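Peer 1: Build me a model:
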Amino acid sequence: MLNIKRLLFAALAVGMVAAQCDEDIEIQSDGDVSQLDSCSRFDGSINIKKGVANIIFPTSVSSITGDLIIDGAVGLTGFSAPGLKTIGGSFKLNGLTVLSTLSCPELVSVGDIAWSTLPALQSLSFTKKVSKANTVLITDTLLTSLEGINLVTAERFNINNNRYLRSVNVALGNVTDVLIIEANGKGVNASFPNLKWANNITVRDAGDVYFPVLEEVKSTAAFVNNTFETVSFPELTQVGESLAFVSCSRLTKISANELEEVGGTFQLANNTKLAVVEDFDKLAVVGGAVDISGVVTNVTLPSLDDVRGGFNLQSTEDVSCDEFNDLKSSGVIKGDDFTCAGKKETAESKTGGLGTAGSGSTDNESAAATFGASMLVAFVAGVAAMVAL
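Peer 2: A predicted model of the protein is given here:
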């Protein structure tokens, strides 16, 4: 009889442990993590509530199949999960105003990363590095780098408003929806050494960009308000919709000699040091309009043989229009809207709401730009709207 009782108690204990590890739980205080002591794989979601101060998961917890959520825990200073390797759902951190330690040394795979309003978080302790995640949103932190996150592929990758961030260097090979780097530390270095394919790219406020193997952008690529002096895309052959370089105040050279086709608008606007447009040796087809405005003195597009929209070339400097007058008269430029003019007091973009003032009113580097919302809607905001995680 005694043996039977022991077996019954053992079976009951096993049942209690199983139930504890396969149901969603809430952690209301630091001590509540003891609920996880017997768990290796946790089949459910863990929601850490506002009353916590410092959370350390048991080393035994290696995987969570659901979400790990910490939302509004304003007193939480540190979170550590020393044995955690995978999170199947969302890893959400929001409104953790004093969180300064985030340690997941074994973590390599997450369903989604969604971190926002972490104004005390300066670094990550992710020794093994997260190499797999569907989507990443990191906004409003004190991170200086993304060391510890090195994804191979992602659906969406959105890094914005991290004012101390100096470097974004990840191993992404493709991004199936959007890649956004904007409003981070002044002159952030955005490096994507393995990126071959992306659907949409938006880069703003960057001091350097590096896309050495990028071959195709399926939709739109927009580079706005950056401070890099040169930019090169040595392998890029096609942009499915629009390609734009706008208000990059120090830009002097763009190189994309393998680029053959831009499916929509090809826009260079208000880049107040870009005098020469060349190194687009193979650009043959522009499915929309060519829209170039600023301080350009020379534009050379030697392979251009099919512009299906209009053509706008306006400069505050002297620029030759002979080549493009010939392309218009021969039918290469098919749109009715055709403008080519130099020595303009204001060189205007036809894409919307943007102009470069001539040197008669101010120096060219700080030339006044009429920066209308319509331009940003066309090239940036429309893309960003798809990134609601």
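Peer 1: Show me what the most centrally placed residue in the chain bridges to in the sheet.
Peer 2: Residue closest to the average C-alpha location in the chain (CA atoms, centre = their mean): residue 180, at 2.1 Å. Residue 180 has these beta-bridge partners by DSSP bridges: residue 158, residue 202.
Peer 1: can I assume it is in contact with residue 168?
Peer 2: No. The criterion here is CB atoms under 8 Å, and residue 180 misses it with residue 168 at 10.7 Å. Any C-beta I mention is one placed from the backbone N, CA and C, and that applies to glycine too.
Peer 1: Find the residues that touch each one of those two.
Peer 2: residue 159 (CB atoms under 8 Å, 6 or more residues apart in numbering).
Peer 1: Using CSV, write out every CA atom in stretch 208-221.
Peer 2: Taking Å, rounded to 0.1, in the frame of the first residue of the first chain, the C-alpha atoms of stretch 208-221 are listed here in CSV:
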residue,chain,number,x,y,z
ASP,A,208,28.0,56.0,-44.0
VAL,A,209,26.2,53.1,-45.8
TYR,A,210,27.6,49.9,-47.0
PHE,A,211,25.8,47.6,-49.5
PRO,A,212,28.6,45.8,-51.4
VAL,A,213,26.6,42.8,-52.7
LEU,A,214,23.1,44.3,-53.0
GLU,A,215,21.7,43.0,-56.3
GLU,A,216,18.0,43.9,-56.3
VAL,A,217,15.5,46.1,-54.5
LYS,A,218,12.0,44.9,-55.4
SER,A,219,10.1,48.1,-54.6
THR,A,220,11.6,51.4,-53.3
ALA,A,221,15.0,52.5,-52.1
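Peer 1: what is the mean pLDDT for that stretch?
Peer 2: The pLDDT scores in stretch 208-221 average 98.
Peer 1: do the same with stretch 250-262
Peer 2: In the prediction, stretch 250-262 has an average pLDDT of 98.
Peer 1: Distance from the chain centre to that stretch, please.
Peer 2: Centre-to-centre, stretch 250-262 and its host chain are 20 Å apart (CA atoms, centre = their mean, to the nearest Å).
Peer 1: Isn't residue 216 up against residue 236?
Peer 2: Yes. Judged on CB under 8 Å, residue 216 makes contact with residue 236 at a distance of 7.3 Å.
Peer 1: the more surrounded of the two?
Peer 2: Using other CB atoms under 10 Å as the criterion, residue 216 and residue 236 rank with residue 236 on top: 21 against 16.
Peer 1: residues contacting the more buried one?
Peer 2: Here residue 236 is in contact with 211, 214, 215, 216, 217, 256, 258, 259 (criterion: CB under 8 Å, 6+ apart).
Peer 1: rerun that using 6 Å as the cut-off
Peer 2: Neighbouring residues of residue 236 by CB atoms under 6 Å, 6 or more residues apart in numbering: 214, 256, 259.
Peer 1: Put the buried members of those residues into a PyMOL selection.
Peer 2: To isolate the buried ones among the contacts of residue 236 in PyMOL, judged by 16 or more other CB atoms under 10 Å, type:
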select buried, resi 214+256+259
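Peer 1: can you tell me which of the contacts of residue 236 are in helices?
Peer 2: Per DSSP state H, helices hold no members of those.
Peer 1: could the contacts of residue 236 go into JSON lines alongside distance to residue 245?
Peer 2: Supplementary listing: those in JSON lines, determined by distance: CB to CB, whole Å:
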{"residue": "214", "distance to residue 245": "15"}
{"residue": "256", "distance to residue 245": "10"}
{"residue": "259", "distance to residue 245": "13"}
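Peer 1: ok, the contacts of residue 236 vs residue 140, which is closest?
Peer 2: Among the contacts of residue 236, residue 214 lies closest to residue 140 (CB to CB), at 28.2 Å.
Peer 1: Please report the distance of the residue nearest to the centre of the chain from residue 71.
Peer 2: Computed as CB to CB, to the nearest Å, the residue 180 to residue 71 distance reads 23 Å.
Peer 1: Then residue 244?
Peer 2: From residue 244 to residue 71 the distance is 37 Å (CB to CB).
Peer 1: more crowded one of the two?
Peer 2: Of the pair residue 244 and residue 71, residue 244 is the one with more neighbours under other CB under 10 Å, namely 25 against 14.
Peer 1: Look up the residues forming beta bridges with the more buried one.
Peer 2: residue 222, residue 267.
Peer 1: show me where pLDDT drops low in the chain?
Peer 2: Along the chain, the model assigns pLDDT under 70 to residues 1-19, 352-354, 358-389.
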